[in-house]
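Participant: Fold the following.
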Amino acid sequence: MSAFYLEMVAINPKREEIRSEPVRVMVDSRSELSWMPADALKSAGITPRRKRSFRMADGRVTERDVGYCILEAQGFSTNDEVVFAEPGDMRVMVDAIAHRLLSTVTIVAGIAA
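Facilitator: Below you'll find the model as predicted:
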């Protein structure tokens, strides 16, 4: 597993001049979908296309809106399916030194290379 932080921008795929402000996200190489704050996606004019259920790291099952956008970070961009993350969405990280799990309130985002 590889995880790190970066600044990411959500771009409207229909009107690429409409984009969110940069958002600090965690990139997790094992993540299947990108998660961005719902307000950042909405500010870029990204609209939900459907709902999807997710099992969170703490075992809860939750339902979130999912849509499509262009994600841009560090000079790279990709089309991606994104989850409209809500405040309080959690991710559990492994503390390899202390051998324990840590809860974080960071948004998870996976970028395809």
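Participant: I'd say Met36 and Asp89 touch.
Facilitator: No. Checked against Cβ atoms under 8 Å, the pair Met36 and Asp89 is beyond contact range at 10.6 Å. Using the backbone N, CA and C atoms, a C-beta is placed for each residue, glycine as well.
Participant: So Arg52 lies in a strand, does it not?
Facilitator: Yes. Residue state for Arg52 (DSSP: H, G, I helix; E, B strand; the rest coil) corresponds to a strand.
Participant: Can you report how many residues lie near it?
Facilitator: Arg52 is flanked by 14 other residues according to other Cβ atoms under 10 Å.
Participant: Next one: Val23 relative to Glu86, how far apart?
Facilitator: Between Val23 and Glu86 the computed distance is 14 Å (Cβ to Cβ, to the nearest Å).
Participant: Which one of these two is surrounded by more residues?
Facilitator: Relative neighbour count places Val23 above the other of Val23 and Glu86, with 20 against 14, counting by other Cβ under 10 Å.
Participant: ok, and the closest non-adjacent residue to the more buried one?
Facilitator: Closest residue to Val23 apart from its sequence neighbours, by Cβ to Cβ, 6 or more residues apart in numbering: Ala40 at 4.9 Å.
Participant: what does Arg15 give?
Facilitator: Distance criterion Cβ to Cβ, 6+ apart; nearest residue to Arg15, sequence neighbours excluded, is Gly45 at 6.7 Å.
Participant: Would you confirm that the one you found contacts Glu17?
Facilitator: No. The criterion here is Cβ under 8 Å, and Gly45 misses it with Glu17 at 10.1 Å.
Participant: That's all I had, so thanks and see you.
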